[in-house]
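Undergrad: Just a sequence and a predicted model for now, questions to come.
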Amino acid sequence: MADLKMGVVETRFAELIWNNEPISSGDLVRLCAKELDWKKSTTYTVLKKLCERGIFANEDGTVRSLYNKRDFYAAQSRQYVEDTFEGSLPAFMAAFSSGRRLTEEELKEIRDLLDTWQKAGQTQ
C-alpha cells in the first residue's frame, strides 16, 4: 500500500497533477514554476518522492496518478482512521463531532449514508 500522507505543499503539487493529467514532465515543470514558484529540480524531487510512495508514476516523460483524486482521499481517510482510532469509525465520528453540534443537514446526510450502506449490504 502507498504511503498516503502528504503535507500541504505536496498536496498542492498533487492537485496540479490531478487537475492536468496526464501531463508531460516538461509541462509539469512549467506549471509548477508558474503556480508554486518552483525550480525544475524542486518539481522533480517532489515528483520522485511521490512516485516512490506509489501515488504517481512518471513513465516515458508522462506523469499520471496511480490513485485518482477521490480514491486517494478516501484511502487516506481510511488510513487515518486506522492509524489514529484503531480502525473505529464510531470513535472517529465521536472525536470529529465533539465540541460542536452537527446541523440537521449534516445529520440527515450521515443517516442517508448509513441507510445506503445498509441497503447495499456493506454493514457487518
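TA: Received the coordinates, thanks. In this text the structure is predicted, and so the values were computed from the model without any measurement. Numbering: from 1, shown residues only.
Undergrad: Grab the most central residue of this structure for me.
TA: Central residue of the chain (CA atoms, centre = their mean): residue 73, 3.1 Å from the mean position.
Undergrad: Give the next helix or strand downstream of the helix or strand harbouring that residue.
TA: Using DSSP states H and E, residue 73 maps to helix 69-85. Next in sequence after helix 69-85, counting helices and strands by DSSP H and E, comes helix 89-97.
Undergrad: what packs against the helix holding residue 73?
TA: Secondary-structure packing of helix 69-85 (3 or more CB pairs under 8 Å, 6 or more residues apart in numbering; DSSP states H and E): helix 8-20, helix 89-97. Every residue, glycine included, has its C-beta placed from N, CA and C.
Undergrad: among the ones you listed, which is nearest residue 78?
TA: helix 89-97 (9.3 Å; CB to CB).
Undergrad: Pull the closest one out as CSV, backbone CA atoms only.
TA: Taking Å, rounded to 0.1, in the frame of the first residue of the first chain, the C-alpha atoms of helix 89-97 are listed here in CSV:
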residue,chain,number,x,y,z
LEU,A,89,-15.3,4.7,12.5
PRO,A,90,-17.6,5.4,15.5
ALA,A,91,-14.6,6.6,17.6
PHE,A,92,-13.6,8.9,14.7
MET,A,93,-17.1,10.2,14.4
ALA,A,94,-17.3,10.9,18.1
ALA,A,95,-14.0,12.7,18.1
PHE,A,96,-14.9,14.6,15.0
SER,A,97,-18.2,15.9,16.3
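Undergrad: Okay, buried residues for it please.
TA: In terms of neighbour count (16 or more other CB atoms under 10 Å), helix 89-97 has its buried residues at residue 92.
Undergrad: Against which helices or strands is the lowest-mean-pLDDT helix or strand in the chain packed?
TA: Using mean pLDDT, DSSP states H and E, the weakest-scoring helix or strand in the chain turns out to be helix 89-97, at a mean of 88. Packing partners of helix 89-97 (3+ CB pairs under 8 Å, 6+ apart): helix 69-85.
Undergrad: Identify the residues contacting the helix it packs on?
TA: 1-2, 4-6, 14-15, 18, 55, 65, 67, 87-89, 91-92, 95 (CB atoms under 8 Å, 6 or more residues apart in numbering).
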